[in-house]
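A.B. asks: Here you go, sequence then predicted model.
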Amino acid sequence: MRQTAVAGIGDVVYSLANDAAELLQSMGEYCLIGRGRSTGKNGNQSVLHAVGLNDIHLSLMRSHLLVRWISAMQIRSQNELTDYGFVKDYDAVVTVRTEIGEYRFALEYERTPKAMKYYSAIASCISEETHLSRLLYLVTNYDLLRFISKFFRQSKCAVFFGLVGDWHSQLLETPVSSASSKRPIPFREALHGAATCPAVATSLKIQTDCVPN
C-alpha cells in the first residue's frame, strides 16, 4: 500500500497490504492479521509510530551494537500462540552487545501520551514479567517523560526513560532516568546493573524517592 499524504514525512511510505501479509504468513513469517492494521482513522499515527520505531532499529543496526531485534509482530505472535509469552506486546525486545557482554531489554517508543489507565495497566502487568528485567521507554520530550514515569514508581521491574533524540545521537550512552531517581545515568550502565536504583537529573524535574530494584 502506498501512502503519500502522511503528515511529518516527506517521503512516500509503503506498508504491506493484507493479501501480501497473509502470503508471508503462509511462508512462515510473523504477520498475524487482525487488530492493529493501520487502515482506520488512526492510520496516520500508526505510520508515524512505525517510522519512528524503524529509525530506532536502524540506528542500532548501523552502530553494530545490535545482536537481535524481536519485532512487535513477532512478540504478538508469541504472546497469542504460545505459552512462552511476555506480559505485554512490547514495541520490540532488543539484545545489544556491550564491552561486557550481551544484554536484553524491552523497548517502548512513545510519540504522544495515552490515557492514564493505559499506563496504570502496564505498570501493573510488568510486575509479573519473568522473561525480562529491564524496560526502556524512549519518548519525544521531557513533559511526556514526566507524565509516563510517575506511573512506574512502585514497579518491581527496572523501568528507564530517555529521549529519542538523545538515543539517535548517543545510543547506549543516552542519559536515562527511572521513576525513583535523582540523577541520570547512561543506559549502558543501567544495562550493566550499575544502578539498581537509577537516577534522574533535576533538569528532568522529577521529584521521587529511590526504591531498591
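C.D. replies: On my side now, so go ahead.
A.B. asks: can you give me how far the regular element (helix or strand) spanning residue 21 is from the chain middle?
C.D. replies: Assigned by DSSP states H and E, residue 21 falls within helix 18-26. Taking CA atoms, centre = their mean, to the nearest Å, the mean C-alpha location of helix 18-26 is offset from the chain mean by 26 Å.
A.B. asks: now stretch 166-183
C.D. replies: Centre-to-centre, stretch 166-183 and its host chain are 14 Å apart (CA atoms, centre = their mean).
A.B. asks: all numbers from here: first residue = 754
C.D. replies: Sure, I'll start numbering at 754, so the last one becomes stretch 919-936.
A.B. asks: Start and end of that stretch, how far apart?
C.D. replies: One end of stretch 919-936 to the other measures 16 Å (CA to CA, to the nearest Å).
A.B. asks: In the sheet, which strands lie alongside the lengthiest strand in the chain, parallel or antiparallel?
C.D. replies: Longest strand of the chain, by residue count under DSSP state E: strand 855-863. Paired neighbours of strand 855-863 in the sheet (DSSP bridges): strand 845-850 (antiparallel), strand 887-892 (parallel).
A.B. asks: With adjacent residues omitted, what lies nearest to residue 842?
C.D. replies: residue 829 (4.9 Å; CB to CB, 6 or more residues apart in numbering). Just so you know, the C-beta spots here come from the backbone N, C-alpha and C atoms, and that holds for glycine as well.
A.B. asks: same check, this time on residue 802
C.D. replies: Closest residue to residue 802 apart from its sequence neighbours, by CB to CB, 6+ apart: residue 864 at 5.8 Å.
A.B. asks: any idea which of the strands paired with strand 855-863 is most buried?
C.D. replies: Of the strands paired with strand 855-863, the one with the most neighbours on average (mean count of other CB atoms under 10 Å) is strand 887-892, at a mean of 23.
A.B. asks: State the next helix or strand along the chain beyond that strand.
C.D. replies: Immediately after strand 887-892, counting by DSSP H and E, sits helix 895-902.
A.B. asks: quick one, that next one and strand 887-892 angle?
C.D. replies: On the basis of axes from the mean of the first three to the mean of the last three CA atoms, to 10 degrees, helix 895-902 is oriented at 150 degrees to strand 887-892.
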